[in-house]
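Chemist: Next come a sequence and a model predicted from it.
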Amino acid sequence: MKEQFLTYINHLQNTICQAFEKIDGRATFQEDFWDRPEGGGGRSRIIEHGNVFEKGGVNTSAVHGTLPQSMQAYFGVEDADFFACGISLVMHPYNPFVPTVHANFRYFEMYDKQGEIVDQWFGGGLDLTPYYVFEEDASHFHQVCKAACDQHDKSFYPAYKKRCDEYFWNAHRDEARGVGGLFFDYCKATSEMSMQDWFAFVTEVGDHFLEAYIPIVEKRKDTQFKASHKRWQEIRRGRYVEFNLVHDKGTLFGLKTNGRIESILMSLPPTVQWKYNYHPEEGSAEEELINTLKEPKEWVNP
């Protein structure tokens with residue numbers, strides 16, 4: 001399974017990077033290969049200073065070795081080895097009317113000291129973080145997510161949409177990071193779903209990523225904006241940073257397993273502001289975003 005998924009994520013990385021370079025029209029991805037001393041490595045691709053994308057990254061990795069003590073305690077195991085691979089991306093557009101997007105698809109195996117697999121699962125998802133509310137954009141994003149889920153099980157979209165709303169919740173701010181999408185984790189073999197079935201589902205969602213995001217970029221990338229819009233974008237980016245550093249499991253896993261810091265923190269935006277006790281003007285488009293993020297919303301019909 002791991003070889004199959006590795007082949008897939010490397011192909012997906014190429015496909016996504018080519019699509020982003022095409023829509024940007026100026027910037028191209030810088031590629032770095034890196035090795036992890038304890039085992040494995042990855043391929044990071046970073047784009048900056050483009051016509052459309054101010055900064056972004058599309059990274060793949062495959063790491064293995066002894067599971068760190070902190071992670072063994074988390075999983076409730078002793079003296080275990082692991083293998084983990086995945087693709088992770090974050091794109092921060094220049095235009096404040098284009099939302100930031102994040103996606104991650106991953107596979108994990110855990111072994112005993114005889115090298116036998118004792119556990120394995122898939123995880124991942126995708127989510128949208130706008131700075132201004134366009135209901136048709138959020139609805140489009142969620143409709144594509146639903147269509148991908150419905151190919152496999154009609155119960156998946158409502159369940160994984162709900163998990164996304166719960167996961168990407170900035171608890172210390174009591175607000176959502178964005179308008180959500182899908183989040184699934186610990187997808188293990190059952191009597192209903194084999195690991196091959198889960199592979200088919202995860203890759204279905206991955207294959208729908210560009211369909212979910214690119215039309216929104218095309219629609220908003222040339223919208224005129226003012227310095228005040230850019231300032232608001234940077235203030236909201238601060239909340240994005242807070243979530244990634246305080247709550248995000250992927251960031252914490254990378255740091256605890258001696259991952260490559262530059263690749264782990266590529267998700268952070270290039271320019272950010274933290275305004276003390278800042279509140280947007282009453283009745284403004286900025287306040288509309290705050291109100292939208294106070295509680296989860298249904299963006300598509302069941």
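Modeler: Sure thing, it's come through.
Chemist: contacts, neighbours, all on C-alpha from now
Modeler: Noted.
Chemist: Which secondary structure elements does the helix or strand of the chain with the lowest mean pLDDT sit against?
Modeler: Across the helices and strands of the chain, the lowest-confidence element by mean pLDDT, DSSP states H and E is helix 69-75, at a mean of 75. For helix 69-75, not one helix or strand is in contact under the criterion 3 or more C-alpha pairs under 8 Å, 6 or more residues apart in numbering; DSSP states H and E.
Chemist: Next SSE downstream of it?
Modeler: Past helix 69-75, heading to the C-terminal end, the next element that is a helix or strand (DSSP states H and E) is strand 81-93.
Chemist: Give me the helices and strands touching whichever helix or strand comes after that following strand, please.
Modeler: On the C-terminal side of strand 81-93, the nearest following helix or strand under DSSP H and E is strand 100-111. Using 3+ C-alpha pairs under 8 Å, 6+ apart as the contact definition, the elements that strand 100-111 packs against are strand 81-93, strand 117-129.
Chemist: before we move on, the earlier item: what comes up buried for the least confident helix or strand of the chain?
Modeler: Residues Met71 are the ones in helix 69-75 that count as buried (16 or more other C-alpha atoms under 10 Å).
Chemist: circling back: most neighbours per residue, which of the helices and strands packed on strand 100-111?
Modeler: Burial of these is given as mean neighbour count (mean count of other C-alpha atoms under 10 Å); strand 81-93 ranks first at a mean of 23.
Chemist: and that one, how far from the chain's centre?
Modeler: Here the centre of strand 81-93 is set off from its chain's centre by 8 Å, with C-alpha atoms, centre = their mean, to the nearest Å.
Chemist: again, but for stretch 4-19
Modeler: Between the mean C-alpha point of stretch 4-19 and the mean C-alpha point of its chain there is a distance of 15 Å (C-alpha atoms, centre = their mean).
Chemist: Name the residues that touch it?
Modeler: Counting contacts by C-alpha atoms under 8 Å, 6 or more residues apart in numbering, the residues outside stretch 4-19 that touch it are 29, 58-60, 62, 85-87, 107, 199, 203, 206-207, 210.
Chemist: what does stretch 256-263 give?
Modeler: Counting by C-alpha under 8 Å, 6+ apart, the neighbours of stretch 256-263 from elsewhere in the structure are 34, 36, 44, 59, 67-68, 70-71, 254-255.
Chemist: from these, which ones fall inside strands?
Modeler: The strands, defined by DSSP state E, take in 34, 44, 59 from these.
Chemist: Reformat these as CSV; add distance to Asp119, pLDDT and neighbour count.
Modeler: What follows is those, written out as CSV (distance: C-alpha to C-alpha, whole Å; pLDDT from 0 to 100; neighbours: other C-alpha atoms under 10 Å):
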residue, distance to Asp119, pLDDT, neighbour count
Trp34, 27, 92, 15
Ser44, 27, 96, 25
Asn59, 25, 96, 26
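Chemist: sorry, back to before: among the contacts of stretch 256-263, which one lies nearest to Val101?
Modeler: Val101 has its nearest neighbour among the contacts of stretch 256-263 in Asn59, at 14.1 Å by C-alpha to C-alpha.
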